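Colleague: this is the structure alone, sequence omitted:
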């Protein structure tokens, strides 16, 4: 077991994990964490530094990453929708528009090149 000393380099009002509910590994060994109680997505680098890269995502429950070429995207299942994030620019690309959509998990189906919410 490897223990990582986590440090914070973002807003000191929000330096803690708040019920991390989803985690995924990026191709470069960094981790994305859906931070449920803090309405954010955190990035943990290989040295254990924690960065809050997205705020105001209502109760994120799951996160997955999909990279193609030089583009890296993540999809986050939130209380209201599935949100696609651009990890290169730290911007929201797209939000689902399905009424009543309340996903608890997100999967990428490679053979069909689609995201599925469960």
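Modeller: Yes, it's here. Just so it is clear, the structure is predicted and the values come from calculations on it, not from any experiment. Numbering: from 1, shown residues only.

Colleague: so who does the residue lying closest to residue 45 once chain neighbours are set aside touch?
Modeller: Closest residue in space to residue 45, ignoring its immediate chain neighbours: residue 30 at 5.2 Å, by CB to CB, 6 or more residues apart in numbering. Placement of C-beta: from N, CA and C, glycine included. Residues in contact with residue 30 (CB atoms under 8 Å, 6 or more residues apart in numbering) are 43, 44, 45, 46.

Colleague: on the pLDDT front, check residue 30 for me.
Modeller: Among the per-residue scores, residue 30 holds a pLDDT of 88.

Colleague: what about the chain, any weak spots by pLDDT?
Modeller: Regions of the chain meeting the criterion pLDDT under 70 cover residues 1-16, 69.

Colleague: can we see that at 50?
Modeller: In the predicted model, the chain carries pLDDT under 50 at residues 1-8, 10-15.

Colleague: can you pull out the strands in it?
Modeller: Secondary structure of the chain (DSSP state E): strands located at 7-8, 20-25, 31-35, 40-44, 49-55, 62-68, 71-77, 82-86, 91-95, 106-109, 114-117.

Colleague: mean neighbour count added to the ones you listed, as TSV?
Modeller: Formatted as TSV, the strands of the chain follow (neighbours: other CB atoms under 10 Å):
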stretch	mean neighbour count
strand 7-8	12
strand 20-25	16
strand 31-35	24
strand 40-44	22
strand 49-55	17
strand 62-68	18
strand 71-77	21
strand 82-86	19
strand 91-95	13
strand 106-109	15
strand 114-117	14
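
Colleague: farthest-separated two in the contacts of residue 30?
Modeller: Using CB to CB, the two most remote members of the contacts of residue 30 are 43 and 46, lying 11.0 Å apart.

Colleague: quick revisit: which of the contacts of residue 30 sits closest to residue 91?
Modeller: Out of those, the one with the shortest distance to residue 91 is residue 43. That distance is 14.4 Å, counting by CB to CB.

Colleague: so that closest one bridges to which residues?
Modeller: Per DSSP bridges, the residues bridged to residue 43 are residue 32, residue 51.

Colleague: show me what contacts it?
Modeller: Contacts for residue 43 (CB under 8 Å, 6+ apart) come out as 30, 31, 32, 33, 50, 51, 52, 53.
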